[in-house]
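Trainee: How does the following fold in three dimensions:
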Amino acid sequence: MNKSLLLSGIAVGVGIGQVFAATPAKKAKAPNVVFIIADDLGYGELSCYGQEKFQTPNIDRLALQGMRFTQCYSGTTVSAPSRSCLLTGLHSGHRPIRGNREVQPEGQMSLPEGIYSIFSVFKNAGYATGAFGKWGLGAPGEVGDPNKQGVDDFFGYNCQLLAHNYYADHLWENDKRIELEDNYNGGFGTYTQDLIQEKALKFLDKNAEKPFFLFLPYVLPHAELIVPEDSIIQKFRGKFPEKPFKGVDSGPAFRKGGYCSQKEPHATFAAMIYRLDVYVGQVVAKLKELGVYDNTIIVFTSDNGPHMEGGADPNFFNSNGIFRGYKRDVYEGGIRVPFIAVWPGVIQQGQSDFMCSFWDMLPTFAQLTGNKVKRTDGISLMPTLTGKGKQKEHDYFYFEFQELGGRQAVRKGDWKLIRLRASKGENSIWELYNLAADPSEVHNLVKEYPEKVKELTAIMQEAHVYDPNWPLLEEEFKKTKQ
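Mentor: Residues are numbered from 1 along each chain as shown. The predicted structure is shown next:
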């Protein structure tokens with residue numbers, strides 16, 4: 001077992017042949033797809049997005065070789081519902097999972113049985129599918145288990161609560177629980193991220209001769225803050241001022257969701273993102289070694305904005321750039337994420353200001369593979385990525401968060417309406433911003449533009465569709481429908 005870092009509702013009618021032109025002598029092989037999603041990585045935590053306190057050279061290289069988006073939105077502002085939007089192609093008011101709801105003894109609320117997802121798209125097209133990292137969309141053996149949602153090979157954390165801890169006592173390999181005995185009783189034997197990365201690279205070795213979809217929901221840089229004692233932490237140790245964090249080092253929550261203490265949170269946080277960057281570099285190197293890099297689409301993004309748990313200090317690292325808010329906020333800092341897409345010779349190089357979202361991924365991959373999708377809130381991004389064809393635009397973006405009293409947001413063009421304490425009826429807090437003039441959401445214009453508030457409120461009411469599993473907003477929803 002590896003104990004150290006491996007340092008060495010639409011019908012889509014355009015198929016793969018129209019996107020990737022084959023040479024006259026040889027039919028094009030279906031492109032592979034590697035989709036990398038970091039956990040709680042803020043918009044400003046990559047050097048290609050403005051980070052100045054450390055560098056992310058491998059991810060920066062992808063940004064130079066492909067398209068770097070400046071207005072991409074995650075599904076919402078926390079993990080499980082955001083990833084639900086990504087996989088199902090449905091926005092926050094339609095998706096089947098709308099919060100981080102735990103299931104005992106291990107796992108979260110499941111994706112429904114038979115739901116059409118990105119994995120369905122690739123399975124229908126004959127791809128091998130793999131997921132390595134954090135799942136959080138259905139407990140082991142339940143209908144949301146990755147193997148029951150179109151994943152051929154899974155290795156990692158089923159439960160996102162247990163993924164808070166990097167020296168966990170077990171992981172899952174498909175339906176088999178893998179015991180990490182060298183982490184028992186507080187041991188520091190196997191850093192789970194290194195082991196997960198090792199398994200992901202083996203998936204590439206195994207499937208290099210066939211089309212594959214590799215989903216890499218890395219846990220980094222989600223709290224807790226901890227890395228192995230190797231050359232990476234040495235790179236950052238002593239570089240920043242430190243304020244030690246006192247966490248959970250014993251008791252019932254120890255390695256069951258509680259975050260460990262950390263004497264050097266700044267250095268450790270930088271080392272975690274740098275380690276993530278090393279993993280990305282290893283994936284690229286493996287694709288090149290196997291001779292499939294030129295026919296592989298690589299996407300890199302994050303599931304939501306930066307976190308503040310476990311000793312993390314997003315203000316010190318300017319983790320959300322110019323944007324206001326963090327994880328759990330529906331301000332831009334909580335939902336605007338880095339998004340990079342690379343496909344040598346096909347995806348154009350440069351920056352794109354096109355507004356897109358996680359729910360665009362399913363129709364994009366459906367168009368890529370010639371699939372037809374009956375229901376989605378997304379649009380295919382292939383015209384923007386390839387420069388071919390007319391790009392459809394979103395009429396609006398809707399975000400919903402069913403915790404902390406309920407939070408909602410609508411963006412339409414340059415305008416954004418936010419509703420806080422959404423379950424409190426007349427006691428809700430309303431905020432309106434013009435993002436073109438005020439991207440940091442400082443000047444609340446709700447009193448100056450009542451007609452704009454009325455317009456966006458109507459969209460908000462229409463976008464939130466009742467789901468009995470998520471009743472937090474329901475009383476207010478019923479009132480607005482009367």
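
Trainee: which residues touch Phe69?
Mentor: Shown here is Phe69, whose contacts under the criterion Cβ atoms under 8 Å, 6 or more residues apart in numbering are 338-341, 351-354, 356. Any C-beta I mention is one placed from the backbone N, CA and C, and that applies to glycine too.

Trainee: Ramachandran coordinates for Glu455?
Mentor: For Glu455, the backbone dihedrals are phi -60, psi -50 (criterion: degrees, to the nearest 10).

Trainee: Which of the contacts of Phe69 sits closest to Ala125?
Mentor: Closest approach to Ala125 among the contacts of Phe69 (Cβ to Cβ): Ala341, at 18.7 Å.

Trainee: Gly106 and Val151: what is the separation?
Mentor: Check again: residue 106 is Glu, not Gly. Counting by Cβ to Cβ, to the nearest Å, the separation of Glu106 from Val151 is 18 Å.

Trainee: so where is this protein shaky, pLDDT-wise?
Mentor: Low-confidence segments of the chain, defined by pLDDT under 70, are located at 1-28, 474-482.

Trainee: Let's check: the centremost residue of it is which one?
Mentor: Most central in the chain under Cα atoms, centre = their mean is Asp303, positioned 2.6 Å from the mean C-alpha point.

Trainee: hey, where'd the helices end up in the stretch 301-450 of the chain?
Mentor: Taking DSSP state H, counting those that start in this stretch, the helices of the stretch 301-450 of the chain run over residues 332-335, 361-369, 382-386, 450-463.

Trainee: possible to save the ones you listed as JSON lines with mean neighbour count?
Mentor: Formatted as JSON lines, the entries for the helices of the stretch 301-450 of the chain read as follows, by neighbours: other Cβ atoms under 10 Å:
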{"stretch": "helix 332-335", "mean neighbour count": "27"}
{"stretch": "helix 361-369", "mean neighbour count": "26"}
{"stretch": "helix 382-386", "mean neighbour count": "21"}
{"stretch": "helix 450-463", "mean neighbour count": "16"}
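
Trainee: if we can go back for a sec, now a ChimeraX select for only the buried ones of the contacts of Phe69.
Mentor: To isolate in ChimeraX the members of the contacts of Phe69 that are buried, counting by 16 or more other Cβ atoms under 10 Å, one can use:
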select :338,339,340,341,352,354,356
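
Trainee: from the contacts of Phe69, which is closest to His91?
Mentor: The shortest gap between His91 and any of those belongs to Cys356, at 12.2 Å (Cβ to Cβ).

Trainee: Show me the beta-bridge partners of the closest one.
Mentor: Applying DSSP bridges to Cys356 gives these bridge partners: Cys72.

Trainee: OK, contacts around it?
Mentor: Counted by Cβ under 8 Å, 6+ apart, Cys356 has contacts 69, 71-73, 339, 379, 381, 384, 394.

Trainee: From start to finish, how long is stretch 429-447 in a straight line?
Mentor: 12 Å (Cα to Cα, to the nearest Å).

Trainee: One more: stretch 368-379?
Mentor: So stretch 368-379: terminal residues 12 Å apart, Cα to Cα.

Trainee: Just send the helices of the stretch 301-450 of the chain back as JSON lines, with distance to Arg411 too.
Mentor: Compiled in JSON lines, the helices of the stretch 301-450 of the chain are given as follows (distance: least, Cβ to Cβ, whole Å):
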{"stretch": "helix 332-335", "distance to Arg411": "9"}
{"stretch": "helix 361-369", "distance to Arg411": "18"}
{"stretch": "helix 382-386", "distance to Arg411": "18"}
{"stretch": "helix 450-463", "distance to Arg411": "9"}
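
Trainee: hang on, the earlier thing: excluding chain neighbours, what is closest to the residue nearest to the centre of the chain?
Mentor: Taking Cβ to Cβ, 6 or more residues apart in numbering as the measure, Asp303 lies nearest to Ser82, with 4.6 Å between them; neighbours along the chain are not counted.

Trainee: Flag every buried residue along the helix or strand that neighbour falls within.
Mentor: Following DSSP states H and E, the helix or strand that holds Ser82 is helix 79-88. Within helix 79-88, the residues scored as buried using 16+ other Cβ under 10 Å are 79-88.

Trainee: quick check, nearest of the residues you listed to Lys206?
Mentor: So of the buried residues of helix 79-88, ranked by how close each gets to Lys206 (Cβ to Cβ), first place is Leu87, at 22.7 Å.

Trainee: Pretty sure that closest one sits against Leu111.
Mentor: Yes: with contact defined as Cβ atoms under 8 Å, Leu87 reaches Leu111; the gap is 7.2 Å.

Trainee: Can you check which residues contact both of those two?
Mentor: Contacts common to Leu87 and Leu111, judged by Cβ under 8 Å, 6+ apart, are 117, 137, 149.

Trainee: Measure how buried the last one is and give me the count.
Mentor: Going back to what we said before, that points to Gln149. As a burial measure, the neighbour count of Gln149 was computed by other Cβ atoms under 10 Å and equals 26.

Trainee: and what of the second one?
Mentor: Residues near Leu137, counting by other Cβ under 10 Å, number 29.

Trainee: Next: the first one.
Mentor: By other Cβ under 10 Å, 21 other residues sit near Ser117.

Trainee: now it, nearest residue through space, not along the chain?
Mentor: In space, not counting the residues next to it along the chain, Ser117 is nearest to Leu87; the distance is 4.4 Å by Cβ to Cβ, 6+ apart.

Trainee: how about the one you found, what does it touch?
Mentor: Taking Cβ under 8 Å, 6+ apart, one finds 111, 117-119, 137, 149, 362 in contact with Leu87.
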